[in-house]
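[1] Predicted model follows, preceded by the sequence.
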Amino acid sequence: MGWYILKRLLQAIPLLLGIITVTFFIVRLAPGDPMDIYLEEDRGQIDPQAIELLRQKYGLDQPIHIQYVKWVANVARGDLGESFRYRRPVSQLLAEAIPYTLQLTILAVVLDALIGITLGIISAVKQYSVLDKIVTLGSLVIYAIPGFWLALMLVLVFSVNLGWFPTSQTRSMDYGFLSFSGKVLDRLWHLVLPVFVLGVASAASTARYMRNRLLEVLNEEYVLSARARGFRERVVILNHALRNALIPIITIYGMKLPFLLGGAAIIESIFAWPGMGRLAVEAVSGRDYPLLMATITMGAVMTVFGNLLADLTYVWVDPRVSYEGKKQR
Amino acid sequence: MNYLPPGSYSMTDTSLHTSVPRTTLRRAALALSCLLALANVSCSPSSDRAPAQGSSITLLKSSRIDERTWSAFGGFGQYLVFLRLFRKDETDEQQPRLAERWEHSPDYRTWTFHLRRDVRWHDGVPTTAHDVKFTLELLAHPAVLHPSAFVLNIESITVLDDFTLTITYTRPMSLESGSIAFYPKHLLEDLDPSEFFSWDFWTDPVGNGPYRYVRHVPKTMMEFEANPDFYKGKPKIERLVLKFGPDAGLLELLSGNVDIVGIHPSQIPGLGEDPRFRVYYSESNITWAHGIFWNQRHPLFRDAVVRRALTLAINRRELLQVLNYSPDLPIFDVIYTRRQYLQRQLPEPLPYDPELAKQLLEAAGWQDEDGDGVRERAGAEARFTLIAHRGGTFLGERAAVYVQDQLRRVGIRMDVQILDGSVMTERVRFAGEFDAAFYRTPRAAYRMLRWNLFGEGSRMGYHNPELVRLLREAVDMGADPEVEDRIYRELWDIFRADLPITFIRTQIGHVVAHRRIRGLSSPWRAEPNMNMEDLWLEDVP
Amino acid sequence: MRERNSDNHSSVLRLSLIPGLGHLVLGERRRGVHLLAFAMICVLILTSTWERFLEAFQGSAIDHWIASLFLVACLLSLSTFSVRDVRRLVTLGDERVQSKSPLRIALRRFQANRLAVWSLYVIGALYFIAILTPLLTPYDPSAIEDVLETRYLAPSTAHLFGTDEFGRDLFSRAMYGARVSLSIGLLAMLIAKLVGTTYGSIAAYFGGVVDNVLMRIVDVIIAFPTFFLMLMLVGVFEANLVVLVLILGLTSWPGTARFIRGEILSLKEQEFTESARAIGLPAHLIIVRHLIPSALSPVLVSAALAVAGMIGAEAGLSFLGLGIRPPTPSWGNMVSAGSDALLVAWWVAFFPGALLTITLIAFSLFADGIRDALDPKALMQRFV
Amino acid sequence: MLLNVQDLASYFFLDEGELKAVDGVSFHVDVKETVALVGESGCGKTIVALSLINLIPPPGRVVRGRILFDGRDLLRMESDELRQVRGGGIGMIFQEPGAALNPIYTIGDQITGVLRLHRSLGKHQAQKAAIELLGETGIPEPEKRMNAYPFELSGGMQQRVLIAIAISGRPKLLIADEPTTALDVTVQADILDLLAYLQEQYGMAILLISHDIGVVADVAERIMVMYPGKIVEIADTEDLFRDPRHPYTKALLSSVPRLGVGHNEPLKGIPGAVPDFLDLPSGCTFHPRCTIGDSSCTSEFPPLVDIGYRRKCACYKAETG
């Protein structure tokens, strides 16, 4: 296993190189001078010498290929540069933001798994029932609702009208005075709406996938033969069918990560959630190129590792997949 | 960094800003009050407020600001904690702050400041001239390159004694740019300047201003209490909370979570007729005049008569109201000095007169011959593209929508392209790639010269040597207010004749505050900084 | 006897010049009613917007011109179709057996899925309305009239969706928004599928090093969260409509490329390709012939979903202020503008968002319908 | 009579209409007897097998008939009782050994599961019994194979495992649905031999289902011939081969290849193909392909009637006697 992980990590290196290359060149193809954002600041006249100094500081005075080599070398050393806007190392900003995004995405995945898998199972087992129809249609509908609109409407109803949940932010103002459990509850309370918006659409797709997958498995001959051997229906579904149906779900969750991160970009902006998605949106609107390159790269890196993790889990739970990565039958 | 200088303020009824038809408003208000009644009931026990100790108010800041960036980047928040040398008051006079008095050399290049002797840092150490010198040098340090330092133009600083220092500038300076707050040398001198923006100092600062730091919750809030040792005496409001909220502060305000919000004018109608709040606007940051820059290389705008017609065709009064600006703001066609604006000594603007505009256009040869609603001359359509900023403080999108419709009525077809800030800057100021642009010009002569708006090689195709000469004169002699006013009055004639820019508005900040907060006024004409120590609370029935 | 019949035929044919009537006479009620209803809608639009319809041929606005022409084309093609279909029906007579071709079977299965059919109607109606927008909008979407009096009017009969901050009619703007959103979705999907198919085919056709390099590039692009990639691109380039379509399309093709490459490679390995090559037939002909049926279902389904995805992405970007920019209306930027006044004018954000939701739902139901209809695994195959 | 099936019918209710996969089938199986059910692919044989343990997948179900197993009607049993029969009274082997084994459990897990269910053995005992059974079905080194996953075994081995599982509940009837079709020719005979051996050993009856009349000829005592949804002829093996009565049987026999060679070839001498279940010809469904049929065949399906000692046939034109 150790060797396998090492091998996969080594394989990821060219991919990562590709990612940072693409990011660099897209951002550097941008029209306009990155330093223009300083001219935008509402600060009156700016000393051209100061701009020149900043240009040197960010290495923008050098030819593009030198900048590229430096960028790659710096990323390899874990140095993602300094944000134009915040004037702080991007790695610090990311270190502050990523935990928030992880809270959001991980809880969204948990919610997704709880609702999605459960509903998927129920609707597959009770195929053609009213519940099944509600789940299949409902999941399609919920999946189609744009997250930002849902978020706005939920804020309108549950935060402003009913006052059940906070409109935004991660903690209450009196957070410092709360007991430990109070703090945990407070954080969760603030997570309810964003996690729901992010998780529910994802759960809808999981429910559909789970249902179809389980139906497929239930049609498999080994499920039929398990029934023919006289096992109880519950045993057949839980022991024989479900485990088989769950294995591919792992890959689905690996693939979901980029969608969740993308969704988080909008949701975080609406809920003033200080995560990576919001940072990316801010970097885009503020043309904060170092921050932009770093957040996008980080998003891609997280995706790569998410997939890697999914693959490893797959190898671990599915006996048919060997470390050589070939699926056998 | 937020554009909104929560200034202060006499009361303006919110209804002044929201001229929505009454029936709608009533319906909306009814719905809203139902909603809010619900909100109050269910919210109060678990309210977002921390336990109150004495009088306390909460201010909302955009969450782009957090406990680390709130002061390191300047912005109004830091003046709660850190003092400046001086600030401007209602009458546009410099008011002593950290500096007790000051004098300048005849050429306005060297200034000597005498500091108060009774100002202490919150840890008890006296604030001295060394702190001032240290701060100025720190901000300009090559490893820091603080944005504020870009505008300092300092040649040298000399500390004469603990409470006196002289600053020599590279060019004549007025006292206008006094936005820098000073930091304690004894706490900061050993820190690494290259990590300036990451210092932990900013999250629990030690200052010398009216309020002192109590605690913070990461990414959420920062709490301050009144400084009993403040040189003017303990401020009346005992506790202040800076909440780092979302950009759209309206929901927070209406949910009762905050008391003061700097607000984007587009959100003002969202307040409806909520009786709890008042809208204030601040006229202090009038450094900029926004308007439509006509690129005179475009055939349509080459003719001053056409520019006049276009100006006449736009109902600027209504436009200001569409932008949710107060209706009593002046409309102007010229560049002005600060005093001229604040004292409303501006020349009469061109009126809104679409009929005259049409006549002028006809006379200039622009006629709609094919009856498609768009004029043409010699086969060329009267058509152009206006570029404007996306979102933000420029209100470009909104103004453009309105202007587009106004010009359509006089037979001019205007397309709109919305661009990001840096692209706008590039195209308007450096490349000159635009037909017309919704942009802004600085008010100060030396900046206009630096921008080269009207000189040789002007990016808007408008070269007027006389105008440039007057601007140069204003730079050389304008440190004297009387002279500056006189030179500007000479500029007016040129602007009114040539109309290179159709001005729409100046930059105004809007603030919404709860009625119990007193001491605010509108228009607030002093500096764009909260004079928190002068405010007080009064219970409202 | 025979002559009488043909007499009958020609009268039915003449009757069916009015779309649907011929079908009704022949007892084909379903199709007849549909054709007739569609034709009547067209005529209704034509008569009620007669003046604007004529204007199209004088003015210079190309979209207006297209709308008018489209309306005429709709009526003409309805008539032609009606006549042809009736002719087919009468000549076949009793021999109209239900065709057994897989496509027919799929079509029948699709028709049996009521939700899918309805979603198709919704999509069709949306595009129909989008094309006819210049004829249909009750107000000029950018006209401003007495702003201070007309802004934020609640929905009423005069303004179905109410008015926005400039007093512009939201219903008209939503229609124009539909145009923008729907065409972006369709065009971006086409670009994505076109690029993806070409790219995948090239990789599979050349194989070896080319394939390897091309697929590694795909790996890199897939590694980015797509929305992040779009964000970066719209931030970096000035996003006007064309650029936005390109960005959406060019960030979404790698999935298709992978799929097409996989299909071609598996076809390449199959026996009939080998034997075709042995008898001297060019292999790519065989591959294309087999590729189309085997890839049809997944490509169609993913195309329908991709349109929804693109519309959603555009709306998301526009909501953040980075996609379609005002004054051009798009559903996303309308919701964004409405979020400022959510509490006093909920309708500004609500209606465009609701339309967006309905559209996305319709597309996914439609995709679902195609998937079920084209599912190659007939339910019973394995057991019987 | 171990199993007595009377007028069994199983329909599928599809969007396109009713699919009568099994439509009035009657037959019986005696104790320790080997009976074969033969017919072309897609004629409903598997549905008959699944109907016997009442396991038709939705949207299908048994719509009428009686299935008397040991004198009790399977279709009217409580579900607990029915489960006893499944695996306990009737064992089943499927066509695709690879597909019938759960891919993510070891062989040992799968076989002990059944042993513990039907023989109420403890964990340890089940383990031992499983190894024994595996040995008995001819799997070398059964202890080692216990921990193997299905994909690690060859097709023949997988089928042996399946057989081991099927007999672990000591069933009185073993239904073997195309047990050799998916296997290599060399292995097919071994599996048939194994079945014969186990039948002797355990005294089971076997219902052997195959499309290949040649394969079953050596093993089965009696053969039932099926044509879409119906049994058209039943006879002792020798009788059937010597003197087929139904024209379809005749056609089948004339196309018999050598044992196990070339399955799935179209029938020689019979024009046309197996009809579509949703579009069955009227009357005798074979009549469009029949060489001796006439207009009398198109009105009603001929009943399966006795036409001699221990044999039945469903054809108006079949000679009796």
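    Thanks, I have it.
[2] which element is residue D:21 on?
    strand D:17-29 (DSSP states H and E).
[3] For that strand, name the packing helices and strands.
    On a contact count with 3 or more Cβ pairs under 8 Å, 6 or more residues apart in numbering or on different chains; DSSP states H and E, strand D:17-29 meets strand D:3-14, helix D:45-52, strand D:60-69, strand D:230-236. To be clear about C-beta, it is placed using only N, CA and C from the backbone, and glycine gets the same treatment.
[4] what's the angle between it and strand D:60-69?
    10 degrees (axes from the mean of the first three to the mean of the last three Cα atoms, to 10 degrees).
[5] Can you give me the buried ones in strand D:17-29?
    D:19, D:20, D:21, D:22, D:23, D:24, D:25, D:26, D:27, D:29 (16 or more other Cβ atoms under 10 Å in any protein chain shown).
[6] give the contact list for the last one.
    Residue D:29 sits next to D:1, D:2, D:3, D:35, D:173, D:205, D:207 when contact means Cβ atoms under 8 Å, 6 or more residues apart in numbering or on different chains.
[7] let's go with 6 Å and repeat that
    For residue D:29, the residues meeting the contact criterion (Cβ atoms under 6 Å, 6 or more residues apart in numbering or on different chains) are D:2, D:3, D:35, D:205, D:207.
[8] Hmm, residue A:190 is touching residue A:166, no?
    Yes. With contacts counted by Cβ atoms under 6 Å, residue A:190 reaches residue A:166, the gap being 5.4 Å.
[9] Comparing those two, which residue is more hemmed in?
    residue A:166 (27 against 23; other Cβ atoms under 10 Å in any protein chain shown).
[10] So the more buried one: helix, strand or coil?
    coil (DSSP: H, G, I helix; E, B strand; the rest coil).
[11] Phi, psi for it please.
    phi -70, psi 150 (degrees, to the nearest 10).
[12] the helices in the chain, which residues?
    You didn't say which chain, so I picked chain A. Per DSSP state H, chain A carries helices over the ranges A:2-28, A:36-40, A:48-57, A:64-76, A:90-112, A:118-125, A:130-144, A:147-154, A:180-218, A:221-228, A:233-235, A:243-270, A:276-285, A:289-317.
[13] that's the other chain; I wanted chain D
    Using DSSP H, the helices of chain D run over D:45-52, D:79-84, D:97-100, D:107-118, D:123-136, D:142-145, D:155-168, D:185-202, D:213-217, D:237-242, D:247-254.
[14] what about the first one, average pLDDT?
    Averaged across helix D:45-52, pLDDT comes to 88.
[15] C-terminal to the lowest-mean-pLDDT helix or strand in chain B, which secondary structure element comes first?
    Among the helices and strands of chain B, helix B:22-43 carries the lowest confidence by mean pLDDT, DSSP states H and E, at a mean of 37. Moving toward the C-terminus from helix B:22-43, the next helix or strand (DSSP H and E) is strand B:56-62.
[16] can you pull the buried residues of that following strand?
    Buried residues in strand B:56-62, counting neighbours by 16+ other Cβ under 10 Å, are found at B:56, B:57, B:58, B:59, B:60, B:61, B:62.
[17] same check, this time on stretch D:178-187
    By 16+ other Cβ under 10 Å, the buried positions in stretch D:178-187 come out as D:178, D:179, D:180, D:181, D:182, D:183, D:187.
[18] ok, and which of these reach chain B?
    Of the residues in those, proximity to chain B by Cβ under 6 Å from any Cβ of the partner chain holds for none.
[19] Now tabulate those in TSV and tack on distance to residue B:136 and pLDDT.
    Listed next are these as TSV, based on distance: Cβ to Cβ, whole Å; pLDDT from 0 to 100:
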residue	distance to residue B:136	pLDDT
D:178	93	85
D:179	94	84
D:180	95	81
D:181	92	79
D:182	87	76
D:183	91	80
D:187	92	83
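[20] outside of the helix or strand hosting residue B:225, which residues touch it?
    Remark: residue B:225 resides in strand B:221-226, with elements defined by DSSP H and E. Residues outside strand B:221-226 that contact it (Cβ under 6 Å, 6+ apart) are A:173, B:67, B:80, B:211, B:213-216, B:234-235, B:238-243.
[21] now do 8 Å
    With contacts defined as Cβ under 8 Å, 6+ apart, strand B:221-226 is touched by A:173, B:50, B:58, B:67, B:70, B:80-81, B:210-216, B:234-244.
[22] Find the nearest non-adjacent residue to residue D:127, please.
    Distance criterion Cβ to Cβ, 6 or more residues apart in numbering or on different chains; nearest residue to residue D:127, sequence neighbours excluded, is residue D:112 at 6.1 Å.
[23] re earlier: now tabulate the buried residues of strand B:56-62 in CSV and tack on pLDDT and distance to chain D.
    Converted to CSV, the buried residues of strand B:56-62 look like this (pLDDT from 0 to 100; distance: Cβ to the nearest Cβ, whole Å):
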residue, pLDDT, distance to chain D
B:56, 81, 62
B:57, 81, 63
B:58, 82, 57
B:59, 80, 59
B:60, 77, 55
B:61, 73, 55
B:62, 67, 53
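[24] which one of those residues is nearest chain A?
    Chain A has its nearest neighbour among the buried residues of strand B:56-62 in residue B:58, at 7.5 Å by Cβ to the nearest Cβ.
[25] Surely that closest one touches residue B:244?
    No. Using Cβ atoms under 8 Å, residue B:58 makes no contact with residue B:244, being 11.2 Å away.
[26] From the opening residue of stretch A:54-70 to its closing one, how far?
    17 Å (Cα to Cα, to the nearest Å).
[27] got the buried residues for that stretch?
    In stretch A:54-70, counting by 16+ other Cβ under 10 Å, buried: A:54, A:55, A:58, A:60, A:67, A:68.
[28] ok, back up a step: just checking: what are the partner strands of the strand holding residue D:21?
    Strand D:17-29 has its sheet partners listed here by DSSP bridges as strand D:3-14 (antiparallel).
[29] C-alpha coordinates for the partner strand, PDB please?
    C-alpha atoms of strand D:3-14 as PDB (Å, rounded to 0.1, in the frame of the first residue of the first chain):
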ATOM      1  CA  LEU D   3     -42.800 -31.100  -7.800                       C
ATOM      2  CA  ASN D   4     -46.100 -30.600  -9.500                       C
ATOM      3  CA  VAL D   5     -46.600 -27.500 -11.500                       C
ATOM      4  CA  GLN D   6     -50.100 -26.800 -12.800                       C
ATOM      5  CA  ASP D   7     -51.100 -24.100 -15.200                       C
ATOM      6  CA  LEU D   8     -48.300 -21.800 -14.200                       C
ATOM      7  CA  ALA D   9     -48.300 -18.300 -15.700                       C
ATOM      8  CA  SER D  10     -45.900 -15.400 -15.200                       C
ATOM      9  CA  TYR D  11     -46.500 -12.100 -16.900                       C
ATOM     10  CA  PHE D  12     -44.400  -9.000 -17.100                       C
ATOM     11  CA  PHE D  13     -46.300  -5.700 -17.000                       C
ATOM     12  CA  LEU D  14     -44.400  -3.400 -19.200                       C
END
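[30] Good, we can wrap up now.
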